[in-house]
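1. need coordinates for the below:
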Amino acid sequence: MGYVRTAGMSTAARRRRRRTALVLTGLLVLLIAVFAYAGAYYKGWLGSDEESAGGDGEQVTATATAEPLQPEDVQVNVYNATDRAGLATRTAAALDARGYDVQTSDNDPEKSTVEGAAHIRFGPEGAEAAAVLHDLVPDAELLEDERESAEIDLVLGPDFEEFPEIEDEESEPTSTGGDR
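-> This is a model prediction of the structure:
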């Protein structure tokens, strides 16, 4: 039996060497496959299922059209920054007749000085509401502040011209008194 040992490596050593070669070869093939996939993805040869469903690789985007904000969705406070008595009350009634959700009408609690027709004060949540009101009062200056609600303030200035009456207002009583 001495000739087996002198002829070369033992059987266990040959198996270990073969196993090591197979494992290293498998890891090398896997590493090459991962790099090839990453390169193909980077070059755009491979895409997501959404892009391939589009046909020619065109990206199809579905957007939901959000309904624009309506006046009844706009909560507004009307403040008078002038010396004209009752201006805020009359303007609040006119806004209410046009469908706006009027919360308060009073003198300006901040006692700000308004140059021009009006200021519309709003926070980040009320930017869309301010734009809706700005369509009605285009001469107003938009002023963003730090409030966290969607409620906006319309602060009337000396150049503010009152809204004309709506014809439907004459046929419908607008008072909430008990004379109905």
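2. check which helices and strands the lengthiest helix in the chain sits against.
-> Using DSSP state H to define each element, the chain has its longest helix at helix 11-43. On a contact count with 3 or more CB pairs under 8 Å, 6 or more residues apart in numbering; DSSP states H and E, helix 11-43 meets no helix or strand. Yep, even glycine has a C-beta here, placed from its N, CA and C like the rest.
3. now the residue positioned nearest the centre of the chain: how far from Asp101?
-> The centroid of the chain falls nearest to Glu125 when counting by CA atoms, centre = their mean (9.7 Å). Per CB to CB, to the nearest Å, Glu125 is found 15 Å from Asp101.
4. where does the nearest residue to Gly123 once chain neighbours are set aside land in three-state SS?
-> Spatial nearest neighbour of Gly123, chain neighbours left out: Arg147 (3.5 Å); criterion: CB to CB, 6 or more residues apart in numbering. Here Arg147 is recorded as coil under DSSP: H, G, I helix; E, B strand; the rest coil.
5. quick check, the residue nearest to the centre of the chain in a helix?
-> Yes. Glu125 forms part of a helix when assessed by three-state DSSP.
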